[in-house]
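Trainee: got a structure for you, letters missing:
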DNA sequence: ATACCGTGTCACTGGGTGGTGACTTGAACC
DNA sequence: GGTTCAAGTCACCACCCAGTGACACGGTAT
C-alpha cells in the first residue's frame, strides 16, 4: 500500500502495542496483528520471520519500565529523609507509574502464565530495574543489617503488583473495594504504616 | 463405553481438573477435555450444556479453598499468643496450603486475566474465605484501632499470592531466587518481621 | 524500453476448534 | 422376542488459525 518497508514495520509494531494493551497476550496472533495493522500477514513473516521474533522486536523497542530516574521523579518534590521515607515514596511512585502503563501490566500478566524465552528476557529486564531501585534506596540510607530489606521490598512490591493486576477483572479483594480511590488509599496507608514501622522501627 | 451417565460425568469433571492443573485455563476447550476424558465431546454438550456450565459445575464441586479450620489446622500445634503471632502463623499456613493446591493457583491466574461470570463467582467464594479468616483473627486478638489490619493483610496476602504464582514460570524476583527453599525462607522471615513490627509495634 | 527487484496482494493448504445431526448399541420393560 | 429410550459413536459443518507459493505492481538502473 504505502510501499515503504520501514513504515510498514512500524505499523505492525504499533498494532502489536494496541492489541496488547487492549486484549492482552491471550488473543495475540499473526492474523489479528495483520488485521489491526491493515497489512498483509505475509509481510510479518517477511520482515520479522514470524511471531516470536516480532514480539522480540517489540519488546526491544519499548520502554515498559521506567528508569530509576523516572521512578524517582523530581527528588526535590519529596521531603523524604529516612530510608523508610524513601521506601514509602518509591512504593507509591511505583504503584502510580504501574497504573499508567497498561502495556507493562500486560507484560506482567504474561510473565505469569507463560514461561518462554521472551518472557524470561522481559523478566530479566524487570529484575535489573528492581535491583537498580534497591541500589538507589541503599544510597539514600544504608540497610539495617538485622532486616532483610530486599525480601521485605519483594513482598510489598509483589503485593502492589498483584492488587494492580487484579483490579482490571475484579474490583474487590479481602473485602477492600478497589473501584473507588478510597480502597487504594487504604492500601497506600497500609504500605506507609508497614514501611515506617518495619524499616525504621527501633528494635 | 461404560454406559453409565454419572460415571461419565465424573470422568469429564476429573479431566477438567487434570487439564487445569497441568496446562491452565488457556488451553481448556471442549475437544481437549473430551480427549483427556476419553469420551465423545457430544456428551459434554448433552450432560453439561456446553463449556461454561461445565466449568460452573466443576467450580461448585471442588474445594479449592481450605476452610478456616483447615487453614488454622491444629491450634495446639502453635504457641501463638498475640495477634501478630497469629497473623504470622496464618500467613505461613496460607502460603503452604496454596503451594499444595495447583488448581487453586490456576484459578487465581484465571481470575487475573478473565473477568467473566464464573471467575467473579469464584472470586466471591475466595473473598468470603478471606473475610472469615480475618474474623477468626479478630477473635484471637482485637485489631488495634490505629491500624488498618485488613488492608495490611491484603497487601501481605497479595504479595504471597503473586510470588507463588510467579514461581511456576520464573524463578527470580527482585534478586531473590525462588528455585531453592532459601528464597522462600527469606520471604517467610520478611513476613514475620513485618507482622511483628507492624501489628504489635509499640508506637 | 526493458529487465530487475523490493513491496505488496491473493489464494491456498493443513490443521485445530466449537458445535450439531444422524446413527448404533445395549439394557430394561412389556 | 420385540419395543423403547438413554448412552455412546461417527461424520460432518463452518470457522479461525499459522504458514506458504505464485502473482501484480512500481520504481530504478542499465
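Mentor: Good, I have the coordinates. A quick note: this is a predicted structure, and the numbers were derived from the prediction, not measured.
Trainee: Name the surrounding residues that touch stretch A:39-57.
Mentor: Contact with stretch A:39-57 is made by A:1, A:5, A:8-9, A:11-13, A:15-16, A:28-31, A:33-34, A:117-118, A:121, as judged by C-beta atoms under 8 Å, 6 or more residues apart in numbering or on different chains. The way it works is simple: take the backbone N, C-alpha and C, and place the C-beta from them, glycine included.
Trainee: chain center to the longest helix along chain A: distance?
Mentor: Counting residues, the longest helix found in chain A (DSSP state H) is helix A:117-140. Its chain's C-alpha centre and that of helix A:117-140 lie 11 Å apart, by C-alpha atoms, centre = their mean, to the nearest Å.
Trainee: Let me know the helix or strand that the spatially most central residue of chain A is in.
Mentor: What sits nearest the mean C-alpha location of chain A, by C-alpha atoms, centre = their mean, is residue A:104, with 4.1 Å. If you go by DSSP states H and E, residue A:104 is part of helix A:102-113.
Trainee: and that helix, which residues are buried?
Mentor: A:103-113 (16 or more other C-beta atoms under 10 Å in any protein chain shown).
Trainee: so which of those residues also contact chain B?
Mentor: A:109, A:111-113 (C-beta under 8 Å from any C-beta of the partner chain).
Trainee: anything in stretch A:50-60 near DNA strand D?
Mentor: Yes: Stretch A:50-60 is in contact with DNA strand D by C-beta under 7 Å from any atom of the strand, via A:50-51.
Trainee: mind listing what's buried in that stretch?
Mentor: For stretch A:50-60, the neighbour count (16+ other C-beta under 10 Å) marks A:54-59 as buried.
Trainee: just the strands in chain A please.
Mentor: Secondary structure of chain A by DSSP state E: the strands cover A:172-173, A:176-177.
Trainee: Now do the contacts for residue A:8.
Mentor: Taking C-beta under 8 Å, 6+ apart, one finds A:2, A:37, A:39, A:43, A:47 in contact with residue A:8.
Trainee: In helices, which of the contacts of stretch A:39-57 appear?
Mentor: A:5, A:8-9, A:11-13, A:15-16, A:30-31, A:33-34, A:117-118, A:121.
Trainee: buried subset of those?
Mentor: Buried subset of the ones in helices among the contacts of stretch A:39-57 (neighbour count, 16+ other C-beta under 10 Å): A:8-9, A:11-13, A:15-16, A:33-34, A:118.
Trainee: Skipping its backbone neighbours, what lies nearest residue A:9 in space?
Mentor: Of all residues not flanking residue A:9 in the chain, residue A:47 sits nearest, at 5.2 Å (C-beta to C-beta, 6 or more residues apart in numbering or on different chains).
Trainee: Residue A:116: how many residues sit nearby?
Mentor: Residues within reach of residue A:116, counting by other C-beta atoms under 10 Å in any protein chain shown, total 13.
Trainee: before we move on, what about residue A:35?
Mentor: What residue A:35 shows, counting by other C-beta under 10 Å, is a neighbour count of 13.
Trainee: do the same with residue A:129
Mentor: Neighbours of residue A:129 under the rule other C-beta under 10 Å: 17.
Trainee: isn't it right up against residue A:68?
Mentor: Yes: Residue A:129 is within contact range of residue A:68, at 7.2 Å (criterion: C-beta atoms under 8 Å).
Trainee: what is in contact with these two at once?
Mentor: Common contact partners of residue A:129 and residue A:68 (C-beta under 8 Å, 6+ apart): none.
Trainee: list the contacts for the closest residue to residue A:115 other than its chain neighbours?
Mentor: Ranked by C-beta to C-beta, 6+ apart and with sequence neighbours excluded, the top spatial neighbour of residue A:115 is residue B:169, at 3.4 Å. The neighbourhood of residue B:169, defined by C-beta under 8 Å, 6+ apart, consists of A:111-115, A:119.
Trainee: What distance do you get for residue B:169 to DNA strand D?
Mentor: 21 Å (C-beta to the nearest atom of the strand, to the nearest Å).
Trainee: ok, residue A:29 - how many residues close by?
Mentor: 12.
Trainee: Nearest residue to it in space, please, no chain neighbours.
Mentor: residue A:51 (7.3 Å).
Trainee: Let me know the average pLDDT across stretch A:178-193.
Mentor: Averaging pLDDT along stretch A:178-193 yields 97.
Trainee: that older thread, from the ones next to chain B among the buried residues of helix A:102-113, which is closest to DNA strand D?
Mentor: residue A:113 (16.8 Å; C-beta to the nearest atom of the strand).
Trainee: tell me, which of the ones in helices among the contacts of stretch A:39-57 make contact with DNA strand D?
Mentor: A:30-31.
Trainee: What is the nearest of the ones in helices among the contacts of stretch A:39-57 to chain B?
Mentor: Closest approach to chain B among the ones in helices among the contacts of stretch A:39-57 (C-beta to the nearest C-beta): residue A:121, at 10.7 Å.
Trainee: Give me the distance between the nearest residue to that closest one once chain neighbours are set aside and residue A:16.
Mentor: Nearest non-adjacent residue to residue A:121, counting by C-beta to C-beta, 6+ apart: residue A:59, 6.9 Å away. Computed with C-beta to C-beta, to the nearest Å, the distance linking residue A:59 and residue A:16 is 10 Å.
Trainee: cool, and residue A:125?
Mentor: 17 Å.
Trainee: Pretty sure the residue nearest to residue A:121 sits against residue A:120.
Mentor: No: proximity of residue A:59 to residue A:120 does not meet the contact threshold set by C-beta under 8 Å, at 11.1 Å.
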